[in-house]
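**Q** fold the following.
(2 chains)
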Amino acid sequence: MTAQQDFEPKIIGFLCNWCSYAGADKAGGMQEPYPPNVQVIRVMCSGRVDPQFVLSALVNGADGVIILACHPGDCHYKEGNCRALQRHGMLNLMLEQLGVEKERCRLDYVSAGEGDKFNRVIAEMVETVRMLGPLLLPSDNCSEDCAAIP
Amino acid sequence: MKIGIYFCNCGSNIADKISAEAVRDTAPSFPDHPYVKTVDFICSEDGKLQFEESLKSEQPDRVVVAACSPRDHEATFRRCLTNAGMNPYLMQMVNIREQIAWVTEDPAVATEKAIRAIRGAVFRVRLQEPLEKKQLEVCPDALVIGAGPAGMKAALSLAEAGRAVVLVERTPFIGGLPVRFEELFPALECAPCMLEPLMGELLHGDNAGKIELMTMAELVEVTGFYGNFIAKIRQKPRHVSLHECIGCGECVEACPAATMNEFNSNASERRAIDFAFAGVLPNAPFLMEEICVRSKGEECRACKDACPMGEDVINLEEVETVVERRVGTIILATGAGLYDASRVAGMGKGTLRDVYDALQFERMLSSTGPTGGEIVTAAGTPPASVAIIHCVGSLDDAHKPYCSGICCQYAFKFNHMITAKLPEASITHYHRELVMPGKDAHTLFSHAVKNKNSFLKRYDDIRDLAVTQDVSGRLLVSVSGEAAPADMVILCPAVVPAEGAGTLSAMLDVSRDSSGFFRELHGRMDASQSTIKGVYLAGSCQEPMDIRTAMLEGMASVGHTLAGLQPGRTIEIEPITAEVDETRCAGCRLCMSVCPYRAISLNTAHNTSSVNSVLCHGCGTCVTACPAGAIKGHHFTNEQIMAEIEGVLK
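**A** Residues are numbered from 1 along each chain as shown, chains lettered A, B, ... in the order given. Sure thing, here's the model as predicted:
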């Protein structure tokens, strides 16, 4: 597969308030540019990220979703990031069954001090989704027969 | 609905990369056609004034502030809304500085990204609801569990600040472990003398009236939450009135029944009615019902007859009671004990004579202990050679993985005290790591190093070490097969949480770590707060520590109580919490299992969950977990977040 150079993926990033969002602010303070493709949505805890938010993002036109959490053991709410990890595993299974590459939904950990890691993770995610190309949902690519099934 | 977008230029920080004109041109296409105002520095005094004046004149229903990170100024702009007569939760911030302007090279791309983010905020803010902080009446008083150094310091300091304190102690006396010691590291201070003023103040000082001391008592149930706990405390019968007893000991002389004294490591006898040890405070004996001859059906009132203070001091009929107290905070200061050294193979503990653990040896050194402070072997002779084995069960994955922190220091204290009493005795320290941090700890170590009769022998693994007995009955300590005789062996076992920590943990839902110590809310930032709001940790129930640190922790827990709960003042409860819609809740309790703060309980009458907003931290994990969608996460509702997703992607 080759990168589709003219394709600019749209990605939604769910960032927990205490570590990852602060990590993104830290990256901002460093003023090192990174790809602009990720629109950030702030949640208090990665444990608040409902699988339906991810699906909603994909249905509404996102080509990928990245969930960033506190490092294991560092969750501001003790274990919300563990819940996020469990739900992410479940989501991956579901996305694969729906024919969506699981790489389109990434979970990673960025602490408040890791501005450089935030930068790197965002760049990697954008590149991954760029390689995968635009997300085609079943309604976009299935045959007319298939679409006709009620 | 009228929506106002306030765009901060942040001087050139934002304006250089993001075009306010483009935002103004695009905004009319957003729902409800928001107006756009540009401010140069909205967080400056002028900027805030301009913002507030504009809010007052425009009277928008919802506000979007596109500026810096909400982590910087969300609170600032919420206050501006309040000043302008608006509910502060009707604003959404967009972070166009840290997360767009500063990190996007191309101004056109930055502007497009900012417009998306602002559109998302407009979509979201339309669904935001006015929220109110709740006020809650609280009880400013405290319950302290454990009357060792940390608990006593906490109780007395709270009383000095005018708070009522219930101080619950499981043993019949106060002072914890160190009151049973003769001298303390690093300065060889007399332990009871050092603690005496504190204990005296606590029992009879100017503020003693504020402290309800309950010895031989334990917590049995706690309901409620921060600010409003109801604690049930079981008071076991002492059979001696603390208020009337003068501590003369006449009853002890008269008592016909005896047993071994656990407070002297079972190395001496006590009567059924007796003091825990000489000089104990409160200065009153206690009756062990199970030892008293009356428990065997005999009629006996020898103690009562011997009491010079009258009929009412000793009450043989006294029974256990359970009392209830209302408090605002709970301070856990339940202390520590020693790991059972008999569980470490090859140490001879429990099987060989003259092998003692550190607590047993502390009592032997103590003038109030079983030998009156004489260092003697079981045969009654002073030892010519003593072996002190460090790290028994500490730094050992087979037992306790952590360093117990205090053992090296008391081991060298032992060295000093043995040398003082038996100058000719040879002392060998079998050690692994030597840990003596701080400015004072080296002194006792240096003394040992300079002492011609003291020796240090390092071992790598405690499994290379063995304590055995030769045919003559003399102890031998061997390291990797090389044996040296010893007349007495002192073991320094790992420091472990005191008995009962597990019961308290279950009762209060306070988490413990893998070693059984109470877990901190945050190891560095909130080390004296437990994982449950309003329950604080002080002293070695949290981790092994010395008296100095325990006292400081006691004060830290007092600080939390004084700062958090003030008489006549309510506490403010943040409205960003979860709330259960009872009509949709099926009572599956999934939310209860994911809540890290025990903030959710089941209303058994309706079989529905409900969230206690005092305890809820607003993480939203339960909102996501609820399979019925019955829980609303205020200010982060599903609808608000979904609208934001739709808005940024449109």
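**Q** residue nearest the centroid of chain A?
**A** With distances taken as C-alpha atoms, centre = their mean, A:I66 lies nearest the centre of chain A, 1.5 Å away.
**Q** can you show me the helices along the stretch 51-200 of chain B?
**A** For the stretch 51-200 of chain B, the helices defined by DSSP state H, counting those that start in this stretch occupy B:70-83, B:107-125, B:149-160, B:191-204.
**Q** mind checking which of those is nearest B:V386?
**A** helix B:191-204 (21.0 Å; C-beta to C-beta). For every residue, glycine as well, the C-beta is placed using N, CA and C.
**Q** and the closest residue to B:S268 other than its chain neighbours, how far from B:A267?
**A** Spatial nearest neighbour of B:S268, excluding adjacent residues (C-beta to C-beta, 6 or more residues apart in numbering or on different chains): B:P370 at 3.6 Å. Taking C-beta to C-beta, to the nearest Å as the measure, B:P370 falls 4 Å from B:A267.
**Q** need the overlap of contacts for the two.
**A** B:N261, B:R363, B:M364 (C-beta atoms under 8 Å, 6 or more residues apart in numbering or on different chains).
**Q** just the element for the last one, please.
**A** Secondary-structure element containing B:M364, defined by DSSP states H and E: helix B:358-365.
**Q** show me what contacts B:V496?
**A** By C-beta under 8 Å, 6+ apart, the contact set of B:V496 is B:A336, B:G337, B:L338, B:Y339, B:K400, B:S515, B:G516.
**Q** before we move on, the earlier item: what about the helix holding B:M364, distance to the chain center?
**A** How far helix B:358-365 lies from its chain's middle: 28 Å, per C-alpha atoms, centre = their mean, to the nearest Å.
**Q** list the buried residues for it?
**A** B:A358, B:Q360, B:F361, B:E362, B:R363, B:M364, B:L365 (16 or more other C-beta atoms under 10 Å in any protein chain shown).
**Q** ok, and the closest non-adjacent residue to B:E212?
**A** B:V166 is the one closest to B:E212 (C-beta to C-beta, 6+ apart), at 4.9 Å.
**Q** I'd like to know how many residues surround the one you found.
**A** Residues near B:V166, counting by other C-beta atoms under 10 Å in any protein chain shown, number 23.
**Q** same check, this time on B:T368
**A** 20.
**Q** which residues of the stretch 401-550 of chain B lie near chain A?
**A** With C-beta under 8 Å from any C-beta of the partner chain as the criterion, the stretch 401-550 of chain B meets chain A at residues B:T531.
**Q** how close does the residue nearest to B:S268 sit to chain A?
**A** Separation of B:P370 from chain A (C-beta to the nearest C-beta, to the nearest Å) stands at 46 Å.
**Q** before we move on, what SS does that residue have?
**A** The three-state assignment at B:P370 reads coil, by DSSP: H, G, I helix; E, B strand; the rest coil.
**Q** kindly report the same for B:R325.
**A** strand.
**Q** list the beta-bridge partners for B:I330.
**A** B:L143, B:V535 (DSSP bridges).
**Q** so it sits against B:N228, correct?
**A** No: using C-beta atoms under 8 Å, B:I330 is not in contact with B:N228; the gap is 11.6 Å.
**Q** the closest residue to chain B within chain A sits in which helix or strand?
**A** Here the residue of chain A nearest chain B is A:G28; by C-beta to the nearest C-beta that distance is 2.9 Å. Here A:G28 sits within helix A:20-30, counting by DSSP H and E.
**Q** contacting residues for B:T371?
**A** Contacts of B:T371 by C-beta under 8 Å, 6+ apart are B:A267, B:M364.
**Q** and if we set it to 7 Å?
**A** Contacts for B:T371 (C-beta atoms under 7 Å, 6 or more residues apart in numbering or on different chains) come out as B:M364.
**Q** do the same with B:K413
**A** Contacts of B:K413 (C-beta under 7 Å, 6+ apart): B:E183, B:F185, B:L188, B:L444.
**Q** how many neighbouring residues does the last one have?
**A** In this case it means B:L444. 24.
**Q** where's it, which helix or strand?
**A** Taking DSSP H and E as the definition, B:L444 sits inside helix B:442-450.
**Q** so where's chain A shaky on pLDDT?
**A** Along chain A, segments meeting pLDDT under 70 span A:1-5, A:138-150.
**Q** where exactly do the helices run in it?
**A** A:20-30, A:51-59, A:80-97, A:115-132, A:138-141, A:144-148 (DSSP state H).
**Q** can you give me the buried ones in the fourth one?
**A** Read that as helix A:115-132. Within helix A:115-132, the residues scored as buried using 16+ other C-beta under 10 Å are A:G115, A:K117, A:F118, A:N119, A:V121, A:I122, A:M125, A:V126, A:T128, A:V129, A:R130, A:L132.
**Q** thought the residue nearest to B:E212 was touching B:G328?
**A** No: counting by C-beta atoms under 7 Å, B:V166 sits too far from B:G328 to count as a contact (11.4 Å).
**Q** contact partners for the closest residue to B:C307 other than its chain neighbours?
**A** With sequence-adjacent residues excluded and distances taken as C-beta to C-beta, 6+ apart, B:C307 is closest to B:V313, at 5.0 Å. Contacts for B:V313 (C-beta under 7 Å, 6+ apart) come out as B:V240, B:S241, B:E244, B:C245, B:C307.
**Q** is it true that the last one touches B:L316?
**A** No: distance between B:C307 and B:L316: 11.3 Å, which falls outside the contact criterion (C-beta under 7 Å).
**Q** near chain B, which residues of chain A?
**A** With C-beta under 7 Å from any C-beta of the partner chain as the criterion, chain A comes near chain B at residues A:10, A:12, A:21-22, A:24-25, A:27-29, A:31-34, A:36, A:39-41, A:43-45, A:47-50, A:53, A:56-57, A:60-62, A:77-80, A:83.
**Q** what subset of these is buried?
**A** Buried residues within the residues of chain A next to chain B, counting neighbours by 16+ other C-beta under 10 Å: A:10, A:12, A:21-22, A:24-25, A:27-28, A:33-34, A:36, A:39-41, A:43-45, A:47-50, A:53, A:56-57, A:60-62, A:77-80, A:83.
**Q** can you dump the C-alpha coordinates of the helix holding B:M364 into CSV?
**A** Extracted in CSV, the C-alpha atoms of helix B:358-365 (Å, rounded to 0.1, in the frame of the first residue of the first chain):
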residue,chain,number,x,y,z
ALA,B,358,13.0,-6.6,67.1
LEU,B,359,9.8,-5.9,69.1
GLN,B,360,10.7,-8.6,71.6
PHE,B,361,14.2,-7.2,72.0
GLU,B,362,12.8,-3.6,72.4
ARG,B,363,10.8,-4.9,75.4
MET,B,364,13.9,-6.7,76.8
LEU,B,365,15.7,-3.4,76.6
